[in-house]
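**Student:** Here's my sequence, what's the structure:
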Amino acid sequence: MSAPHDRRPARDRATSRRRRGQRGSAVVDFVLVLAVVLPLVLGILQLALTLFVRNTLASAASDGARYGAVVGRGPEDARARTVSQASSVVSGRFADDVSADVVSVDGAPTVVVTVRAEVPALGIGGPAVAFEVSGSAVQETEQ
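**Tutor:** Residues are numbered from 1 along each chain as shown. This next block holds a predicted model:
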């Protein structure tokens with residue numbers, strides 16, 4: 001039998017007891033979901049950053065090679081252009097290891113610019129992901 005001061009139907013009293021038993025469960029659910037979702041989101045952001053730096057350096061290397069392949073310019077001009085392009089978009093530390101050479105590809109002199117860089121895999125610190133990108137262009141000749 002119910003208490004004399006509680007005039008609610010038995011069904012409402014049972015629902016009220018269930019609700020009281022679940023108080024605070026939303027916080028626990030949020031923490032459990034956050035523990036899975038947060039590392040996933042941070043990993044996607046880090047992958048995006050790494051790909052952005054890689055693609056930027058590849059574009060700068062290609063642009064530098066095309067610039068250095070023009071008549072009257074050489075590998076040193078290509079290297080300087082690549083460093084300038086990369087430094088204007090991403091941090092200059094990614095453009096520290098840039099090399100440019102003239103090599104023969106199928107008998108044609110070709111300017112090849114190579115950029116080697118490391119992007120921290122875990123944000124600011126931690127192990128780094130190293131990669132190498134290059135760009136090339138056939139060197140123009142005077143006629």
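
**Student:** Centre-most residue in this structure?
**Tutor:** Among the residues of the chain, the one closest to the centroid is Leu49, at 1.5 Å (Cα atoms, centre = their mean).

**Student:** so that one sits right up against Val119, yeah?
**Tutor:** Yes: if you go by Cβ atoms under 8 Å, Leu49 and Val119 touch, sitting 6.9 Å apart. The C-beta positions use only the backbone N, C-alpha and C, and glycine is treated the same way.

**Student:** From Glu132, how far off is Gln46?
**Tutor:** Using Cβ to Cβ, to the nearest Å, we find Gln46 at a distance of 20 Å from Glu132.

**Student:** for Ala26, same thing?
**Tutor:** According to Cβ to Cβ, Ala26 stands 49 Å off from Glu132.

**Student:** neighbour-wise, which of the two wins?
**Tutor:** The residue with more neighbours, out of Ala26 and Glu132, is Glu132; 13 against 9, by other Cβ atoms under 10 Å.

**Student:** Now do the phi/psi pair for the more buried one.
**Tutor:** phi -130, psi 130 (degrees, to the nearest 10).

**Student:** List the beta-bridge partners for it.
**Tutor:** Arg116 (DSSP bridges).

**Student:** what sits against it?
**Tutor:** Thr114, Val115, Arg116, Ala117 (Cβ atoms under 8 Å, 6 or more residues apart in numbering).
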